[in-house]
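Participant: build me a model from this:
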Amino acid sequence: MLRIAGVIRESIVDGPGLRFVLFTQGCTHNCEGCHNPATHALDGGYEIEAERVLTEFFKNPLHKGNTLSGGEPILQARDHIPIAKAVREGKKDVVIYTGYTLEALRAMNNADVNELLENCDVLVDGPFILAQRDLTLTFKGSRNQRIINMNETRKQGEIVLLEV
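Facilitator: This next block holds a predicted model:
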């Protein structure tokens, strides 16, 4: 069971193409100026089964992929793995927004986090920093955040940014 704050069934601002966005519930980053503060409480939101999320996702053949946003999706990494795998098996892509950097995620040395990252195509990483907020940026809120092409990063062994 996932704990989520909500779903947007059709978004064009949460990653490339038409996206199904799952807003996870729970975040401990407490970034000043966060645009989703209602997602911070670990016990807020509601529970939903991964199968129900996937059923809703696959109802629309126009979806380019699924975006995991938050809150902080990494806090529920284990529960997101089946969704990410099924989305990719369906020839769609997975975008994950996280307040952690990729380096910090790797340093966790957590099997669930690593498996989720293996099933991620694009990672938008880093905390939102209000002083670096820039409304002209595509798919991110502050200049410190990176949009990482995870497929190329895995191939090349170094971080490859996605050009948007």
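
Participant: only C-alpha atoms from now on, for both contacts and neighbour counts.
Facilitator: Fine.

Participant: in a helix, T28, correct?
Facilitator: No - secondary structure of T28 (DSSP: H, G, I helix; E, B strand; the rest coil): coil, not part of a helix.

Participant: report pLDDT for the closest residue to it other than its chain neighbours.
Facilitator: Leaving aside its sequence neighbours, T28 sits nearest to H40 (C-alpha to C-alpha, 6 or more residues apart in numbering; 6.6 Å). pLDDT recorded at H40 is 97.

Participant: same check, this time on H35
Facilitator: The model reports H35 with a pLDDT of 88.

Participant: still on that earlier bit, residues in contact with the residue nearest to T28?
Facilitator: By C-alpha atoms under 8 Å, 6 or more residues apart in numbering, the residues touching H40 are Q25, G26, C27, T28, N30, G71.

Participant: wait, the first one sits on L68?
Facilitator: Just to be clear, that refers to Q25. No - look at Q25 against L68 with C-alpha atoms under 8 Å: they stay out of range, at 10.8 Å.

Participant: more neighbours: these two, which one.
Facilitator: Taking other C-alpha atoms under 10 Å, Q25 and L68 do not tie; Q25 has more neighbours (29 against 26).

Participant: wait, isn't Y100 in contact with L123?
Facilitator: No - between Y100 and L123 there is no contact under C-alpha under 8 Å: 10.2 Å.

Participant: run through the residues that contact P73.
Facilitator: By C-alpha under 8 Å, 6+ apart, the contact list for P73 reads T24, Q25, H80, I96, Y97, T98.

Participant: quick check on it: phi, psi?
Facilitator: With angles defined as degrees, to the nearest 10, P73 sits at phi -60, psi -30.

Participant: one more: S69?
Facilitator: With angles defined as degrees, to the nearest 10, S69 sits at phi -130, psi -160.

Participant: what of the one 5 residues further on?
Facilitator: Backbone torsions of I74, given as degrees, to the nearest 10, read phi -60, psi -30.
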